[in-house]
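*Asks:* my questions are about this predicted structure, shown below with the sequence.
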Amino acid sequence: MMDRTRSWRSPVVLAAAVSFALACAPAGTAPPPACIDTCQSTGAQCGEVCGVSCGTCPGAGVCREGRCVCTPQCAGKSCTDSDGCGGTCGPCDADVTCKDCKLRLVRVDQTIVLGEISRATIALESTATGPDPRLADVRVAVDPPMELQTIEPGPPLQAAGKRLYRFTETNLPYFQLADGSFQLLVFSQDKALSIDPGRWLTMTFARPPGAHGPAYKTVRFHLVHRAQTLAPIASDDALQTGAWDAPLAISAEAQP
């Protein structure tokens, strides 16, 4: 059976289609343009492109502008129950900076050595329902100081083709500013694609070599409150309405 996508790209078939449209079009009207897009060329995961199905969304996922978006189902559930999208209905109150903020930090894991925090993993999540941002310039502060070891982009960034900018000074996907905070730039060449809500980044921090003492009984992370964190401006305006710079305190006495 002939592949429909290939047949539309064939010059012979395209010419025949245009001739047919010209012959059948009423006098004085322009023929409709031939459809040559494909699921691959548009990056569609679901829905249809030029009459060809690009697939369906599994589970609780729904198709939105060619991308599968899963809406968590957490009504009447506890913070540790499944949300139907591969995660839980959390985070629980103690594990998040602000449940209703457009951007928030969430505790993922921690490592305790001799009663002190030696490693902590946190996530940057978005709960925004619109307008979805296309770019982000996020700053994360840590007290006491810890080293940023790894950053992993989450499904919303991957689906939108976004990546972390590598700073020329270090060739690292972050930059430590003079105040000790970490700057993370999320961007792409195609700025038109917006970033869906969900877990944007997962970051692992480690205690600096040789650093010990009571300070590392509790480590606090927070997003640095500043304008122009998100773009376009409508997304940033929506962000500024909440206490999204509240601290996330990770204690050596808490259990992951």
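*Replies:* That came through, no problem.

*Asks:* dump the residue contacts of the closest residue to residue 177 other than its chain neighbours.
*Replies:* Spatial nearest neighbour of residue 177, chain neighbours left out: residue 183 (5.7 Å); criterion: CB to CB, 6 or more residues apart in numbering. Glycine gets a C-beta too; all of them are placed from N, C-alpha and C. For residue 183, the residues meeting the contact criterion (CB atoms under 8 Å, 6 or more residues apart in numbering) are 137, 138, 139, 174, 175, 176, 177.

*Asks:* so what's residue 183 scoring on pLDDT?
*Replies:* Per-residue confidence (pLDDT) for residue 183: 97.

*Asks:* and it, bridged to which residues?
*Replies:* Residues found in beta-bridge contact with residue 183 (criterion: DSSP bridges) are residue 139, residue 175.

*Asks:* ok, it to residue 162 distance?
*Replies:* For residue 183, the distance to residue 162 (CB to CB, to the nearest Å) stands at 16 Å.

*Asks:* check residue 228 too.
*Replies:* Looking at residue 228 against residue 162, where the rule is CB to CB, the gap reads 17 Å.

*Asks:* low-confidence ranges, the stretch 1-150 of the chain, go.
*Replies:* Segments of the stretch 1-150 of the chain classed as low confidence (criterion: pLDDT under 70) are 1-32, 60, 86-87.

*Asks:* any idea how far residue 235 is from residue 241?
*Replies:* Distance check for residue 241 against residue 235: by CB to CB, it reads 12 Å.

*Asks:* who's more crowded, these two?
*Replies:* residue 235 (22 against 10; other CB atoms under 10 Å).

*Asks:* just checking, that one touches residue 132?
*Replies:* Yes - between residue 235 and residue 132 there is a contact under CB atoms under 8 Å: 6.8 Å.

*Asks:* residues near residue 69, how many?
*Replies:* As a burial measure, residue 69 scores 19 neighbours (other CB under 10 Å).

*Asks:* is it in a helix, a strand, or coil?
*Replies:* Counting by DSSP: H, G, I helix; E, B strand; the rest coil, the backbone at residue 69 sits in strand.

*Asks:* which residues does it bridge with?
*Replies:* Partner residues in beta bridges with residue 69, using DSSP bridges, are residue 62.

*Asks:* tell me where the chain has helices.
*Replies:* Ranges of helices in the chain, per DSSP state H, are 4-9, 11-24, 39-42, 155-159, 233-239.

*Asks:* residues contacting the fourth one, please?
*Replies:* Read it as helix 155-159. Outside of helix 155-159, the residues that reach it under the criterion CB under 8 Å, 6+ apart are 45, 67, 126, 163, 186, 195, 196, 197, 198, 199, 200, 201.
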